[in-house]
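>>> here is a sequence with its predicted model. Questions after.
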Amino acid sequence: MGETGQTVIEAEGLGIRFSANRGRRRSLREVLVGARRGPGPRSAFWPVRGASFRIRRGECVGIVGRNGTGKSTLLKLIAGVLIPDEGSVEVHGRVAPLLELRAGFNGRLTGRENIHLVGSLHGMGPGDIQARFDEIVDFADLRGGSVDTPVRHYSSGMKVRLGFALVTRLDHPILLVDEVLAVGDEEFRAKCYAAIDGMLAQGRTMVLVSHSEADLRRFCSRGLYLKDGGLALDDGIDAVLGAYQADRCADPAEHGDAEKGTGGGDRAA
Ligand SMILES: Nc1ncnc2c1ncn2[C@@H]1O[C@H](COP(=O)(O)OP(=O)(O)OP(=O)(O)O)[C@@H](O)[C@H]1O
């Protein structure tokens, strides 16, 4: 799986531009006079720009930031699901991505069919899938024949359990996880935590997006704090969460009361 300390993810000046209001319809008046109110349909913004960092083998790095600051976007850039408009990101090793609750499942196919489909898309051979099939179903706790039910009939909890079970059964050295730990009951979360502990103990690398401070502190030694379209801080997880909390406390919008915003407001993150 490679040497400890070796760089496995390397981003250099990484940036991506999105079009805002892509779906916004212009009013008839705006169409007739060519006028636009506010940001027009083609206005662009950079959720992430100029981000440079290296992640070494065996590290678990948390991506921290407020809603809409580009955390999922950064994970998708690392996964190769999105292509950067500026800079680059190089990933050395295969990636097991758990980027969304659906985990790439096809709703019309059964759980069984999806295990085969998604497993093979991630490079598992038929023998590997067969050998791990029962383990995946047990981990996902798909009881009472639900493995032969189309996935569109699954609850979001069932989908996330199946996605997590499948992705954590891959041997890939790099795991990207977006918020999925927030879903599921306590028993399932305990299984996820044990699975992640096991993978980290094997020296795998993980990048975790989470709003849960407890999860971030539990797994990550390091954090990347995204703010205002850029990487504001790359430091130990405690320092990163401290800066993030300080910014939140300093923001009156967070509390609706400026007087409460005294928690380290002069901190530059
Ligand atoms: N494909 C896209 N096209 C245009 N805008 C997008 C696209 N994907 C995301 N965005 C926008 O880019 C910004 C960053 O989104 P992203 O999902 O990366 O944020 P996030 O930090 O993960 O948010 P959250 O914590 O709420 O999950 C948001 O304003 C979002 O609405």
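Cool, got the structure. Residues are numbered from 1 along each chain as shown.
>>> all helices for the chain, in order.
Along the chain, counting by DSSP state H, helices occupy 28-33, 71-79, 111-121, 126-140, 156-167, 186-201, 213-219, 237-250, 252-255.
>>> how about the residues of the stretch 1-150 of the chain near the ligand?
Proximity of the stretch 1-150 of the chain to the ligand, by CB under 6 Å from any ligand atom, involves residues 18, 47, 65, 67, 68, 69, 70, 71, 72, 73. All C-beta spots, glycine's among them, are computed from the backbone N, C-alpha and C.
>>> which residue packs closest to the second one, ignoring adjacent ones?
Counting by CB to CB, 6 or more residues apart in numbering, residue 47 lies nearest to residue 70, which is 3.5 Å off, once chain neighbours are set aside.
>>> save the helices of the chain as JSON lines, and put in mean neighbour count and mean pLDDT too.
Formatted as JSON lines, the helices of the chain follow (neighbours: other CB atoms under 10 Å; pLDDT from 0 to 100):
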{"stretch": "helix 28-33", "mean neighbour count": "10", "mean pLDDT": "59"}
{"stretch": "helix 71-79", "mean neighbour count": "22", "mean pLDDT": "94"}
{"stretch": "helix 111-121", "mean neighbour count": "19", "mean pLDDT": "92"}
{"stretch": "helix 126-140", "mean neighbour count": "15", "mean pLDDT": "92"}
{"stretch": "helix 156-167", "mean neighbour count": "23", "mean pLDDT": "87"}
{"stretch": "helix 186-201", "mean neighbour count": "14", "mean pLDDT": "88"}
{"stretch": "helix 213-219", "mean neighbour count": "17", "mean pLDDT": "93"}
{"stretch": "helix 237-250", "mean neighbour count": "19", "mean pLDDT": "94"}
{"stretch": "helix 252-255", "mean neighbour count": "12", "mean pLDDT": "66"}
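>>> near residue 106, how many other residues are there?
14 (other CB atoms under 10 Å).
>>> OK, contacts around it?
Counting by CB atoms under 8 Å, 6 or more residues apart in numbering, residue 106 makes contact with 113, 114, 117, 151.
>>> what two of those are the furthest from one another?
For the contacts of residue 106, the farthest-apart pair by CB to CB is 117 and 151; their separation is 10.3 Å.
>>> shared neighbours, the two?
Common neighbours of residue 117 and residue 151, using CB under 8 Å, 6+ apart, are 106, 109.
>>> my guess is residue 224 contacts residue 234, does it?
Yes: with contacts defined as CB atoms under 8 Å, residue 224 counts as touching residue 234 at a distance of 5.4 Å.
>>> now residue 97: how far from the ligand?
Per CB to the nearest ligand atom, to the nearest Å, residue 97 is found 14 Å from the ligand.
>>> got the contact list for that residue?
Residue 97 sits in contact with 75, 79, 81, 167, 176, where contact means CB under 8 Å, 6+ apart.
>>> circling back: please flag which of the residues of the stretch 1-150 of the chain next to the ligand sit within strands.
18, 47 (DSSP state E).
>>> could I get the residues of the stretch 1-150 of the chain next to the ligand as CSV with distance to residue 129?
Listed next are those as CSV, based on distance: CB to CB, whole Å:
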residue, distance to residue 129
18, 36
47, 36
65, 36
67, 37
68, 37
69, 37
70, 34
71, 31
72, 28
73, 31
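>>> of the residues of the stretch 1-150 of the chain next to the ligand, keep whichever come out buried.
47, 65, 69, 70, 71, 72, 73 (16 or more other CB atoms under 10 Å).
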